[in-house]
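Asks: Give me the fold of what follows.
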Amino acid sequence: MFNKSLFKKAILIIAAINLLSFLAYHSSTLNRLCFVLILTAVAILAWRNLFWGALIILGEIMISSQGHLFDLKIHSFVFSLRMGLFILILTVAIVKFLISNFKFLNNFSISQFLNFSISNLCRLIKEYKFYLIFAIFIIFGIINGLINNNNLNYLYQDVNGYLFFLLLPIFITAFKKQKVISSKFQVISLWSAAIVWQFIIAVTLLFLYGHLDVFWHNLVPIYS
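Replies: You can find the predicted model right below:
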């Protein structure tokens, strides 16, 4: 059933993160500190349970349209919190997969290892055939763009929109290990919290912008 506890916690966390994001906009030190602390906390949670990492990724997408709640500026490149979460969850999932399989394959002979690898490869191809076909089209598009000397910046902007699909196997793995009914209601609870928060923000901004004569001096920092 609907997870009221998760809903309340999600609302509080979303409100706290947005408040910190607002304050961090005016403080580069706070911005960097929040960026590192959030990624550290997410790494610990995702390592303990990949499902929570998947939920956090979904939650960030629900409350942040561009993924820039916090940023790290590296020369002229802006490394957003969404990019950090993406790379972090991907890395945690790959490392966990390698460690579990290394332990499992440690007792295998070379022939057993080859048979295991081939059988698993066939299973993965069968299970993710449409996903792999889609990946081939994306790779073809990248190669085609490079051959036709397209601007690398524009090429990155286009490819960037498809990189999120790299997380699909991780989402499938995370949700498979979680009970179907439980995971469904947890996602609904998180989604509901995000919707309520967006409603609160929208109504607040509507009120402020609808009373410019009273609140106009507060709108510049809020708009920024």
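Asks: make it CA atoms for all contacts and neighbour counts henceforth
Replies: Fine.
Asks: pLDDT averaged over the longest helix along the chain - what is it?
Replies: The helix that spans the most residues within the chain, counting by DSSP state H, is helix 180-210. The pLDDT scores in helix 180-210 average 87.
Asks: for the chain, what helix or strand is lowest in average pLDDT?
Replies: helix 110-127 (a mean of 66; mean pLDDT, DSSP states H and E).
Asks: Quick check: which helices or strands does the helix or strand following that one pack against?
Replies: Using DSSP states H and E, the helix or strand that follows helix 110-127 in sequence is helix 129-147. On a contact count with 3 or more Cα pairs under 8 Å, 6 or more residues apart in numbering; DSSP states H and E, helix 129-147 meets helix 152-160.
Asks: how far out from the middle of the chain is the helix or strand following the helix it packs on?
Replies: As assigned by DSSP H and E, the chain's next helix or strand after helix 152-160 is helix 168-177. Distance of helix 168-177 from the chain centroid (Cα atoms, centre = their mean, to the nearest Å) equals 13 Å.
Asks: Below-threshold pLDDT in this protein: ranges please.
Replies: Counting by pLDDT under 70, the chain shows low-confidence ranges at 1, 101-121, 180-181.
Asks: Any buried residues in the longest helix of the chain, and which?
Replies: The neighbour-count check on helix 180-210 (16 or more other Cα atoms under 10 Å) flags 183, 185-194, 197, 208 as buried.
Asks: what do you get for stretch 135-152?
Replies: 135, 142.
Asks: ditto for stretch 88-101
Replies: 88-90, 92-93.
Asks: nearest to Ile138, of those residues?
Replies: Relative to Ile138, the closest of the buried residues of stretch 88-101 is Leu90; by Cα to Cα it sits at 18.8 Å.
Asks: Tell me the spacing between that closest one and Ile56.
Replies: Counting by Cα to Cα, to the nearest Å, the separation of Leu90 from Ile56 is 13 Å.
Asks: just Leu50 next, same as before
Replies: 10 Å.
Asks: could I get the buried residues of stretch 88-101 as TSV with distance to Ile74 and secondary structure?
Replies: TSV is the format used below for these (distance: Cα to Cα, whole Å; DSSP: H, G, I helix; E, B strand; the rest coil):
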residue	distance to Ile74	secondary structure
Leu88	18	helix
Ile89	21	helix
Leu90	21	helix
Val92	23	helix
Ala93	26	helix
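Asks: Among those residues, which one lies nearest to Phe134?
Replies: So of the buried residues of stretch 88-101, ranked by how close each gets to Phe134 (Cα to Cα), first place is Leu90, at 19.0 Å.
Asks: Which residue, other than its chain neighbours, is closest to the closest one?
Replies: Nearest non-adjacent residue to Leu90, counting by Cα to Cα, 6 or more residues apart in numbering: Leu167, 6.7 Å away.
Asks: residues near the one you found, how many?
Replies: Number of residues near Leu167 (other Cα atoms under 10 Å) recorded here: 17.
Asks: From Phe97, how far off is it?
Replies: 14 Å.
Asks: what does Gly141 give?
Replies: From Gly141 to Phe97 the distance is 29 Å (Cα to Cα).
Asks: For the most centrally placed residue in the chain, give me its contacts.
Replies: Centroid-nearest residue in the chain, with Cα atoms, centre = their mean: Ile57, separated by 3.0 Å. Listed by Cα atoms under 8 Å, 6 or more residues apart in numbering, the contact partners of Ile57 are 82, 85-86.
Asks: Since that was my last question, I'll sign off now.
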